[in-house]
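Visitor: quick one, what's the 3D model for this:
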Amino acid sequence: MDILNLFNDIQAADPEFADRISPRRAAIKNITSFGSKVAVAALPFAFGTLFKKAYGQTATSSVNDVLNFALTAELVEATFYNTAVARATAGTLAIPTNDLNAIKLIQADENNHVTFLRSVLTSANESAANKARSTAAIPAGTFSTSYDFSGAAKGVPGAGPFGAVFTNYDIFLAVSQAFEDTGVRAYKGQAGFLKGNQVVLTAALNIHSVEARHAAYIRRLRATRAGAPANFRSWVTGDGTTASGITVTAAATAATNPIYANEATTAQAGAELSGIAGAKAATEAFDEILSTNDTLAILTNFVK
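Guide: Prediction:
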């Protein structure tokens, strides 16, 4: 997150921002030294504290709904990576060292997103369902009351199409890709609801860009694995053959295909683009959105 630019955007959108957070005006004036005084991991929380004091009393219910929706998705991802790193540390999930270091960075990002969103929402506005969800790693041999990362949240625990998610690295990467690709499209789908609140919109778009980088990196890791799908790419393509690449089993493909709905679209804003460089390139040039309901339908496989 570019904190300096974000504060500038806030000030431009709301000239009274500095007054809203008084007596924290000094924090704004001295923000250039902020990075040297506060650990990077603490920035989301520190900014969230300023944010909620300035706007916590005036956020509309629709904005809170979007923030709770985002928090649900981030809680899923944070718990997923926390569990994977714990299993890798315990030696039950074999992740190459270099890959694990990168995954730990993604883990930190997702946990920071949770901290940020919770600090902005405050306890008063966080949904009861989200309050009940922990991000603690799920111990091996146990089942969470909130999540089932096998994809069987509505069925027999651990019996979903990704049953080996925390013992088989390739399946772990497939589920990781599913979550990251979902996050990119889900955040894009919420942008229209936030256009009246530039502060929240800016924060959401910052998270969106981070999720996009996660998705590309996880896809790159998958592409380096033996048995990777043919012509697998670091971005979504809607050519009908490698749109998802979640091909560990037929059931897994069926469960995750909704993530890539409408990605074969070749026209944008009424302009047909396939004649420029072909249909495949046209589908790759734009990500389509996922609606709130579509996203929740995908997550229902993993969230109880």
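
Visitor: pLDDT weak spots in the stretch 151-300 of the chain?
Guide: By pLDDT under 70, the weakly predicted segments of the stretch 151-300 of the chain are 239-245.

Visitor: what segments of it are strands?
Guide: 267-268, 271-272 (DSSP state E, counting those that start in this stretch).

Visitor: mean neighbour count and distance to residue 109 for the ones you listed - can I get that in CSV?
Guide: C-betas here are computed from N, CA, C, even on glycine. Conversion of the strands of the stretch 151-300 of the chain to CSV gives the following (neighbours: other CB atoms under 10 Å; distance: least, CB to CB, whole Å):
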stretch, mean neighbour count, distance to residue 109
strand 267-268, 12, 29
strand 271-272, 10, 35
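
Visitor: to residue 260, which of those strands lies closest?
Guide: Proximity to residue 260 (CB to CB) singles out strand 267-268 among the strands of the stretch 151-300 of the chain, at 16.9 Å.

Visitor: sorry, back to before: dump the strands of the stretch 151-300 of the chain to CSV, plus distance to residue 219.
Guide: Shown next, in CSV, are the strands of the stretch 151-300 of the chain (distance: least, CB to CB, whole Å):
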stretch, distance to residue 219
strand 267-268, 23
strand 271-272, 27
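
Visitor: between these, which gets nearest to residue 124?
Guide: Across the strands of the stretch 151-300 of the chain, closest to residue 124 is strand 267-268 (CB to CB), at 40.3 Å.

Visitor: partners of that closest one, with directions?
Guide: According to DSSP bridges, strand 267-268 forms sheet pairs with strand 271-272 (antiparallel).

Visitor: residues in contact with the partner strand?
Guide: Applying CB atoms under 8 Å, 6 or more residues apart in numbering, the set of residues contacting strand 271-272 from outside is residue 266.

Visitor: please repeat the previous calculation with a cut-off of 10 Å.
Guide: Residues from elsewhere that reach strand 271-272, judged by CB atoms under 10 Å, 6 or more residues apart in numbering: 266, 279, 282.

Visitor: give the contact list for the spatially closest residue to residue 170 that is not a sequence neighbour.
Guide: Counting by CB to CB, 6 or more residues apart in numbering, residue 170 lies nearest to residue 225, which is 5.8 Å off, once chain neighbours are set aside. With contact taken as CB under 10 Å, 6+ apart, residue 225 is in contact with 96, 99, 169, 170, 173, 232.

Visitor: for residue 211, see how far away the nearest residue to the fifth one once chain neighbours are set aside is.
Guide: Translated: residue 173. Excluding the flanking residues, the one nearest residue 173 by CB to CB, 6+ apart is residue 222, at 4.9 Å. To residue 211, residue 222 is 16 Å away according to CB to CB, to the nearest Å.

Visitor: circling back: for the contacts of residue 225, give me CSV that also has neighbour count and distance to residue 112.
Guide: Listed next are these as CSV, based on neighbours: other CB atoms under 10 Å; distance: CB to CB, whole Å:
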residue, neighbour count, distance to residue 112
96, 14, 24
99, 17, 20
169, 20, 24
170, 14, 27
173, 25, 22
232, 16, 29
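
Visitor: the residue nearest to residue 170 and residue 185: what is the separation?
Guide: Taken as CB to CB, the span from residue 225 to residue 185 is 24 Å.

Visitor: do residue 67 as well
Guide: Residue 67 is 18 Å from residue 185, by CB to CB.

Visitor: residue 253 contacts residue 151, doesn't it?
Guide: No - using CB atoms under 10 Å, residue 253 is not in contact with residue 151, being 11.6 Å away.

Visitor: between those two, what contacts are shared?
Guide: Taking CB under 10 Å, 6+ apart as the contact criterion, the common neighbours of residue 253 and residue 151 are residue 161.

Visitor: out of those two, which sits in the busier spot?
Guide: Counted by other CB atoms under 10 Å, residue 253 and residue 151 do not tie: residue 151 has more neighbours, with 23 against 15.

Visitor: how close does the more buried one sit to residue 218?
Guide: Taken as CB to CB, the span from residue 151 to residue 218 is 17 Å.

Visitor: same check, this time on residue 137
Guide: 19 Å.

Visitor: which one's more surrounded, these two?
Guide: Between residue 137 and residue 218, counted using other CB under 10 Å, the more crowded position is residue 218 (25 against 19).

Visitor: kind regards, and thank you for your time.
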